[in-house]
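> just coords:
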Ligand code: ADP
Ligand code: ZN
């Protein structure tokens, strides 16, 4: 039996005939789901460290293969041990706390450790982009000894090298290439001196000149004086920062309540303690204003954004790992920034789905942040106006509202931040003492929350001729807003022109050839918005599939019955058209992923909006987040219903979050804000709660129904999606896997509820049929054990056909 199991644990029973240790357990970069043991050659014993990238021989042919050292131990029971080839990079690429975090992720998210490490370590660092190595030659003996060697030596070449070595200052070294060149000898001749014990040659990183301007140098903006609410929150956090140690703090503050200011001052406090900070933001391109506030406040902030070149990325990493960046700001993967002396991790808008990675390892950066905080004894500060129900429940928010208190977690729970299996960070079983809820119930400077009013679109359409996406009320307010010199934001969370292309005689909507989904019609970018009519014939544009990204021309008649097709449903392009028709003078911009080619476009549009060159911004959720423009007094939600009907148990939560977030853009200046919420479902409880902007009421309702049906946060969930181009094959191996899971689940009694295999809500994407198996249990322990068992048998090996999603955020 191999020494290293799936998780790199070690059996330390020595064997009489076993080779001599120490041994390095390594995780291969290619996604083999176990770690392997190698002996460490004598000459490398002092050099091999956990977290390094090394070369090991693999397979019959001993093919050199890249791997990471994940542990070093004195013994192995592996019978035919091979020896490690070389250390590829002298640096410890994965510092010990991150190695521990990676192992946890590998277990928890059911992903090979090598795959996890690939996420943890930027590829630019792994490939050493923009950074070379130098081999440094150093004399072993003092100058006197060298002198006598020089005098004794007859060999001309060796004498030349010795002569050059005499010129080196004591304690210094010289680059291998250089000394060879200056002595007029080949590199092997210099290397020969190592064997003779005259010099040592050690690799040394050729550090790039640090580009200080890459770190913001401006950061000396003073702190704002906190208001009473903020001060109260800060006074509670400050001692926790000062003491150090792990805690999870939810800062639940309404939009515009000054959460960011609290983050900034907590970070200030952390820096005063000689520690450092990581700040996670949902999507860096979408939060330029937030990011700027960090660079303005602190002198060395590393911003990890997607626009960095590989070289820049590597330099930032080097700056971070050497402790030169006080604050690291970035999206999801910044949670792995190798910050030494980590004091705080801030997760802004902690409820955002973009924190979840949708490929292996399918981690949620918020949960990884909590685990990292636990490992490194750091304070975790989660902020949101609309926290996820998981977080709200965790910090006991529901308890305040008369809900059942959070159940005590079992000690095998692997939920991030609870007592894990690893004894090194065992914490008392009452984990809740580490969880805190802090609130900012009011906007700063006495500003009022915007007033939200509902427009029932069913009523509206009854009395109005033609098709209108903007209600009379919204039109009226838009007009008065613009006339008053104020600005407005219009949200419609759907791209394109119309959501279906539909035949009204045979009732068929045009489907994507490759997906179980309808095609969405998009107009050509150049089309004149004023000339369009709602009949297909004169439209120029194409049908897009939002799942496989297929693009087809619009058929001129129904493919089934040959009758005329109509465009149905709405998208941002159609609102754009209506705006242009109804407000010919209006200066507005459409902001969605079709109209914005990249973050530069987006920032340029935001700048024009900030300068008031644009009066109205119309767009998808891209404009719902984090924007702080005091002149915006009106927000229109074109359709509050778009997400409500999605077959996902979080659709109500998403809807509430999105409406609240976008509503929060209004009234941030001195003039009060108004929100118009258009809906076809005026009585829906989520819509009603959104009108009152009542998170607590919404959460109470939603938690009651989640509890009744046993859904998160009252249960933990694992979703396994299988796919194949051949539907018969898919059914066959879905059933095989289900049988394996059922067998493993039997040991857990009735703890696990399993549903499926059954087709996913979208049962085919890009030509692949999709099946799912969903398992739930009241705690994560049983689920983890079942996954581990089935995984150890090799049934959950990472491959194209199977995706294990622990704590899924999307169920489509
Ligand atoms: P949130 O993150 O909760 O939406 P922000 O931190 O963005 O709120 O604060 C909203 C605005 O209020 C920002 O322009 C910020 O500079 C300002 N602000 C924050 N705290 C204060 C304060 N104590 N006094 C005055 N203005 C403040
Ligand atoms: Zn498709």
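Yep, that arrived. Being a predicted model, the structure only gives us computed values, none of them experimental. Ligands and ions are numbered 1, 2, ... in the order given.
> use CA for all of it now, contacts and neighbours both
Fine.
> Write out the residues of the protein neighbouring ligand 2.
512, 514-515, 545, 548 (Cα under 5 Å from the ion).
> near ligand 1, which residues of the chain?
Selection of the chain residues close to ligand 1 by Cα under 6 Å from any ligand atom yields 224-227, 253, 255-261, 444-445.
> Export the residues you listed as CSV, with columns for neighbour count.
Listed next are the residues of the chain next to ligand 1 as CSV, based on neighbours: other Cα atoms under 10 Å:
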residue, neighbour count
224, 10
225, 10
226, 16
227, 13
253, 21
255, 27
256, 24
257, 25
258, 19
259, 23
260, 16
261, 18
444, 20
445, 13
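> Okay, and which of those residues map to helices?
For the residues of the chain next to ligand 1, the ones inside helices are 259-261, with DSSP state H as the criterion.
> just those now: which is nearest residue 779?
Relative to residue 779, the closest of these is residue 259; by Cα to Cα it sits at 31.6 Å.
> how about the strands in the stretch 701-812 of the chain?
Listed in chain order, the strands of the stretch 701-812 of the chain (DSSP state E, counting those that start in this stretch) span 716-724, 753-765, 768-777, 802-806.
> In the stretch 451-600 of the chain, which residue sits closest to ligand 1?
residue 489 (16.3 Å; Cα to the nearest ligand atom).
> Might you report the residue contacts of the residue nearest the centre of the chain?
The residue lying closest to the centre of the chain (Cα atoms, centre = their mean) is residue 332, at 2.5 Å. For residue 332, the contacting residues are 280-283, 354-357, 365, by Cα atoms under 8 Å, 6 or more residues apart in numbering.
> what's across from residue 36 in the sheet?
According to DSSP bridges, the partner residues bridging residue 36 are residue 26.
> wait, isn't it in contact with residue 29?
No. When contacts are counted by Cα atoms under 8 Å, residue 36 is not listed as touching residue 29 (11.7 Å).
> okay, those two: which has more neighbours?
Counting neighbours by other Cα atoms under 10 Å for residue 36 and for residue 29 shows that residue 36 has the greater number, 26 against 18.
> sorry, back to before: helices or strands next to the one helix or strand the residue of the stretch 451-600 of the chain closest to ligand 1 maps to in the packing?
When secondary structure is defined by DSSP states H and E, residue 489 falls within strand 487-491. Identification of packing neighbours for strand 487-491 by 3 or more Cα pairs under 8 Å, 6 or more residues apart in numbering; DSSP states H and E yields helix 472-483, strand 616-619, strand 632-637.
> Select, out of those, the one closest to residue 154.
Evaluated over these, closeness to residue 154 peaks at strand 616-619, with 81.1 Å, by Cα to Cα.
> List the contacts of that closest one.
487-493, 572, 576, 586-592, 609, 623.
> strand partners of it, parallel vs antiparallel please.
With DSSP bridges as the test, strand 616-619 is paired with strand 487-491 (parallel), strand 588-591 (parallel).
> Please identify the most buried of those.
The densest packing among these, expressed as mean neighbour count by mean count of other Cα atoms under 10 Å, is seen in strand 487-491 with a mean of 26.
> quick check: mean pLDDT across the helix or strand that it is followed by?
Stepping forward along the backbone from strand 487-491, the first helix or strand reached (DSSP H and E) is strand 500-503. Mean pLDDT, computed over strand 500-503, is 74.
> coming back round to it: tell me the two of the residues of the chain next to ligand 1 that are most distant?
Greatest spatial distance among the residues of the chain next to ligand 1 (Cα to Cα): 225 and 255, at 18.7 Å.
> Any idea which residue of the stretch 701-812 of the chain lies closest to ligand 2?
residue 766 (5.3 Å; Cα to the ion).
> So residue 137 lies in a helix, does it not?
No. Assigned with DSSP: H, G, I helix; E, B strand; the rest coil, residue 137 falls outside any helix and is strand.
> residues in contact with the closest residue to it other than its chain neighbours?
In space, not counting the residues next to it along the chain, residue 137 is nearest to residue 201; the distance is 4.5 Å by Cα to Cα, 6 or more residues apart in numbering. With contact set as Cα under 8 Å, 6+ apart, residue 201 has these partners: 135-138, 176, 191, 194.
> Could you give the number of residues near the closest residue to residue 274 other than its chain neighbours?
The shortest distance from residue 274 to any non-neighbouring residue, by Cα to Cα, 6+ apart, is to residue 341 (7.8 Å). The tally of other residues near residue 341 (other Cα under 10 Å) stands at 17.
> Quick one: residues contacting residue 341.
Taking Cα under 8 Å, 6+ apart as the definition of contact, the neighbours of residue 341 are 274-276.
> gap between it and residue 97?
Here the distance between residue 341 and residue 97 works out to 11 Å (Cα to Cα, to the nearest Å).
> if we can go back for a sec, from the contacts of residue 341, list just the buried residues.
The neighbour-count test (16 or more other Cα atoms under 10 Å) marks 275-276 as buried among the contacts of residue 341.
> Please flag which of the contacts of residue 341 sit within helices.
Among these, no member falls in helices (DSSP H).
> Which of the contacts of residue 341 sits closest to residue 93?
Nearest to residue 93, judged by Cα to Cα, of these is residue 276 at 18.8 Å.
> quick one: contacts for that closest one?
With contacts taken as Cα under 8 Å, 6+ apart, residue 276 has the following neighbours: 267, 270, 325-327, 339-344.
> hmm, try it at 7 Å
Remark: with contacts taken as Cα atoms under 7 Å, 6 or more residues apart in numbering, residue 276 is in contact with 270, 326-327, 339, 341-344.
> would you list those residues in a markdown table and tack on pLDDT and distance to residue 453?
As requested, those are arranged in a markdown table below (pLDDT from 0 to 100; distance: Cα to Cα, whole Å):
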| residue | pLDDT | distance to residue 453 |
| --- | --- | --- |
| 270 | 96 | 42 |
| 326 | 92 | 44 |
| 327 | 93 | 41 |
| 339 | 96 | 46 |
| 341 | 95 | 49 |
| 342 | 97 | 45 |
| 343 | 97 | 43 |
| 344 | 97 | 39 |
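> Out of the residues you listed, who's the most crowded?
Neighbour-wise, the contacts of residue 276 (other Cα under 10 Å) top out at residue 344, 31 neighbours.
> Enumerate every residue touching the closest residue to ligand 2 within the stretch 201-350 of the chain.
The nearest approach of the stretch 201-350 of the chain to ligand 2 comes at residue 283, 25.6 Å away (Cα to the ion). Residue 283 sits next to residue 331 when contact means Cα under 7 Å, 6+ apart.
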